[in-house]
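A.B. asks: What would the 3D arrangement of this be:
(2 chains)
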Amino acid sequence: MYSYMEKRFVMFGVMIALLISLSACQTPATPTAPIQLTLLTHDSFAVSEGVLAQFEAQHQVQIRVLKSGDAGTLTHQLVLNQSAPLGDVAFGLDNTFISKALSANVFAPLSENTRQQAQAELNLPNEERVVAVDFGDVCINYDIAKLKELNLPAPQTWAELAQPTYAQLLVVENPINSSPGLAFLLASIAAHGEDGYLEYWQSLLANGAKVVEDWNTAYYSEFTRYGGTRPLVVSYASSPPAEVIFSEPRPNSAPTASITAPGMCFRQVEYAGVLQGATQPALAEQLVAFLLSETFQSDLPLQMFVFPARPNTLLPSEFSAYATLAEQPAQLDPARIANQREEWLNDWETVLLSK
Amino acid sequence: MLLLAVLGFLGLFYGYPLLRVLFYAVNASAIQWGRVWQVVWFTTWQAALSTLLTVGVGLPAAWLVGRFRFVGRDLLLAVSGIPFVLPTVVLGVALTALLGPNGWLSQSLAQLTSALGFVFPKQFTLMGTLGGIVFAHVFYNVGILIRLVGEYWAKLDLQLEQAAQRLGANRWQSALTIGLPLLAPSLLTASLLIFIFDFTSFGVVLLIGGPQYATLEVAIYRQALGFGNLPVAAVLSLFQLLLTGLLMALYSHLQRRWSYSLTNQRPHLRRPTNWWQWLAIVAVAIFTALWVLLPLVVLAWKALNPLGAGISLQYFQALFQNSRNSLFFVSPAQSIYFSLRNALATVLISLALGLPLTWQMAHAPRLSYWLEPLLLVPLGTSAVTLGLGYLLGFGQSPLRWLGQPWLLPIVHSLVAFPFVVRSLLPAMRMLQVRLIQAAQLLGASPSAVFLTVVLPLVGRALGVAASFAFALSLGEFGATLLITRPDTPTLPVAIYRLLSQPGALNVGQSYALSVILMLFCMVSLLLTQGWQITAE
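C.D. replies: Numbers count the residues shown, from 1 in each chain, chains lettered A, B, ... in the order given. Sure, this is the predicted structure:
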């Protein structure tokens, strides 16, 4: 009866399908590079043009970069797909997540030679499957001009931070989903112990510290430099040089600085490794070695705002001028973090919700 | 046959990845049910409150759009649609600038109150409060109400009310006893749709509400990615699916029961005739602008002046420079192109699926009875769950599709599909076979039938469906962030990337790019509106 109209719509559908397939064909297929290496990493992965191309030319391969979410999402993805890995190399799991991946047996062993490219103290002790590629310190940053205006020095201890002098001045990120937020919580646990940190957070929250969901909100909504009301924000030791680099015209000094007093910063180390069941294990290890080469390492700071793990890598001038690293960052065993993370977060959330 | 193909498509790209995640619910143990109920209860009542307020704010504008023809009517409709594509990250910044402790509102209130001789609380802010959540929900959804109710209003038969008035009822009596009952179906279904949006709200509650608040969707995200507790997240997803499934069933039941054939009527719009009508129009326009336009204006202002240190166009200019020589640098022109390409592909895919499906549904009532609520369910699905499902389901060798350029428009089509079906189905029901046969008998060629009978009848609905799919794809963020390729970011993803590094240039550029996204959306809405009018 209405078969005529039906045909009409089928035709329409077919036409549209054709159009789609035609437009899909427009993207030219690359004829070269028969071998493909897949690098799994997080959203923040960045690299200068031509750096990866060096490796591609040298080894006649094509690198496919697959980014998925933050370090946490990346870890879940690796663990859940352990039996049939999504790629050959993973880079970007940090010391808060790496143990989870290691105990799920995601990585294959690396050679001693590759692991020796990184500073020994950044590598995990007695662990031959992953190697440190970069690191960064999570510290409280402050708005220099605003503290001057308030006639306040930057707080130098955990106890000072919870005093009425600094009431309503601090903004931190939710540790449940934010990586700097988690790092800050871990630093507080390292400083106050498992028995004392919840009590410390009660006093910090009672002193008017504000918890927001993520780094963007903390930095661009609450921090005084961008129109907020809080001159203290949990961010990175590399944020001050970034403030200089991303300003036009370039200021003579950084408008912000980080508080690197003993035990107040948490050091995040990012690792790389070859995945168990990689299609090209030998080439994959070469790629890991390339991540530790001088070429890649000296490109790291200005692309991802982290510090290179390879010893004696030359830092860009903005980094040596405005970034201070913590001399005594907070220490927590990665295995312990992996085991107790969920419990700590649950307890912390209870304290926050009962505020 | 066709039906099977469409259902197969939905099963593969929606059902399969979802099941991959829901499967984990089997392993769930030790769930804190008290906490779950708390979350369900908060999810429900904040949605109810937000919906009520949205109706209150949107109704005057819907009246305006539904009754009058005036300069700027199209603009009002287009502007109220912009929030739909604005990423929540950016809205959070705009709301702080507007309603934060140092924001416009608290500053002007402080000035006003100090002039009156008392002190306004300096720490006043909507960020991190229930008020902020509700305001943002109104901001996002008021456009839907204006559009759905306004267009329905325009087609109501004026003669009924005029008859009542001639029989002696005054203006208010006729409005209450004739106008309101006639309007009720569209008002209730639009409210229910908005309730569903607020019920599954994610970005607003997460970023503007902050850590103290959680809807089911936010709880799923925190459990799955924060605590790494996939089983509990799967149980919560099942819960949300069940509850929204019930809401969808209610929605399509109400729709069917109350919709009566209005769609073939031409809109009864008139020009304002006297001064009080003009006054009302201006008052309503200003009132609506306060809710919708103000955050957008603040954002544009921030793009010119992010540090409060003076106005400059440098952030717009900087968008076009790859100053860091980064491999993944993508110029805004390119990300506009990626967004556009995606949105067009989304429109094509969802129409290619939606047209034959709704045609069959329109002529098989029993099929439609079961299929309609089922096709709406993707609306209530947790985006986090679906995103995880894609990571799990499409990364491995038989279906190794992650990173394929066509995967993103397919996901966007799934998101848009419920809207497309909803817009097309009523028009398809009107497309009576007799009309086509009559045209054929009168000697019209197949193409003439299509152009002169079919297109005018479904053309308008087609335009609505296409613009919904287009706008949804343009603004979609959650799923896009998880499955997009690094070298082809859409506009919202590019904005988010800029916002995740410190520095004035980054934040200034992200606002500038948001302004571009807003303009882009407004232009495309204006264009589709123009097309709808010519199609009439």
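A.B. asks: quick one: contacts for the residue in chain A that chain B sits nearest to?
C.D. replies: Residue of chain A nearest chain B, by Cβ to the nearest Cβ: residue A:246 (2.5 Å). Where C-beta positions appear, they are placed from N, C-alpha and C, glycine not excepted. The contact partners of residue A:246, by Cβ atoms under 8 Å, 6 or more residues apart in numbering or on different chains, come to B:501-506.
A.B. asks: That one and residue B:285: what is the separation?
C.D. replies: Going from residue A:246 to residue B:285 by Cβ to Cβ, to the nearest Å gives 39 Å.
A.B. asks: would you say residue A:267 is within a strand?
C.D. replies: Yes. Assessed with DSSP: H, G, I helix; E, B strand; the rest coil, residue A:267 lies in a strand.
A.B. asks: Not counting sequence-adjacent ones, nearest residue to it?
C.D. replies: In this structure, residue A:267 finds its nearest non-sequential neighbour in residue A:329, 4.0 Å apart by Cβ to Cβ, 6 or more residues apart in numbering or on different chains.
A.B. asks: Could you do residue B:338 as well?
C.D. replies: Excluding its sequence neighbours, the residue lying closest to residue B:338 (Cβ to Cβ, 6+ apart) is residue B:488, at 4.7 Å.
A.B. asks: ok, now residue A:242?
C.D. replies: Here the residue nearest residue A:242, using Cβ to Cβ, 6+ apart, is residue B:502, at 4.4 Å.
A.B. asks: What segments of chain A are helices?
C.D. replies: A:3-25, A:51-59, A:71-80, A:98-103, A:112-115, A:144-150, A:158-161, A:179-206, A:215-217, A:239-245, A:281-291, A:294-304, A:317-322, A:334-353 (DSSP state H).
A.B. asks: from the chain's centre, how far out does the third one sit?
C.D. replies: A distance of 13 Å separates the C-alpha centroid of helix A:71-80 from that of its chain, computed with Cα atoms, centre = their mean, to the nearest Å.
A.B. asks: Check what contacts it and list those residues.
C.D. replies: So helix A:71-80 is contacted by A:40-42, A:68-69, A:85-86, A:90, A:92-94, A:96-98, A:100-101, A:104, A:106, A:177, A:179, A:270, A:275, B:224-226, B:228, B:230, B:388, B:391-392, B:395, B:482 (Cβ under 8 Å, 6+ apart).
A.B. asks: where's the residue in the stretch 201-350 of chain B that chain A sits nearest to relative to residue A:136, distance?
C.D. replies: Taking Cβ to the nearest Cβ, chain A has its nearest neighbour within the stretch 201-350 of chain B at residue B:226, 3.8 Å off. Using Cβ to Cβ, residue B:226 is found at 21 Å from residue A:136.
A.B. asks: And for residue B:213?
C.D. replies: 30 Å.
A.B. asks: Show me which of those two is the more surrounded one.
C.D. replies: residue A:136 (25 against 22; other Cβ atoms under 10 Å in any protein chain shown).
A.B. asks: Please work out the average pLDDT along stretch A:41-55.
C.D. replies: The average pLDDT within stretch A:41-55 is 89.
A.B. asks: Can you give me the buried ones in it?
C.D. replies: Residues A:41-48, A:51-52, A:55 are the ones in stretch A:41-55 that count as buried (16 or more other Cβ atoms under 10 Å in any protein chain shown).
A.B. asks: Residues touching that stretch, excluding its own?
C.D. replies: Applying Cβ under 8 Å, 6+ apart, the set of residues contacting stretch A:41-55 is A:61, A:63, A:65-71, A:73-74, A:90-92, A:286-287, A:290, A:295-296, A:299, A:303-304, B:324-329, B:481, B:486, B:497, B:500.
A.B. asks: from those residues, which would you call buried?
C.D. replies: Buried, going by 16+ other Cβ under 10 Å: A:61, A:63, A:65-71, A:73-74, A:90-92, A:286-287, A:290, A:296, A:299, A:303-304, B:327-328, B:481, B:486, B:497, B:500, out of those.
A.B. asks: can you tell me which strand in chain A is longest?
C.D. replies: strand A:131-143 (DSSP state E).
A.B. asks: That strand pairs with which strands?
C.D. replies: Strand pairing for strand A:131-143, determined by DSSP bridges: strand A:232-236 (antiparallel), strand A:256-259 (antiparallel), strand A:266-275 (antiparallel), strand A:307-308 (antiparallel).
A.B. asks: now the ones you listed in JSON lines, with mean pLDDT and mean neighbour count?
C.D. replies: As requested, the strands paired with strand A:131-143 are exported to JSON lines (pLDDT from 0 to 100; neighbours: other Cβ atoms under 10 Å in any protein chain shown):
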{"stretch": "strand A:232-236", "mean pLDDT": "96", "mean neighbour count": "26"}
{"stretch": "strand A:256-259", "mean pLDDT": "96", "mean neighbour count": "24"}
{"stretch": "strand A:266-275", "mean pLDDT": "96", "mean neighbour count": "26"}
{"stretch": "strand A:307-308", "mean pLDDT": "96", "mean neighbour count": "23"}
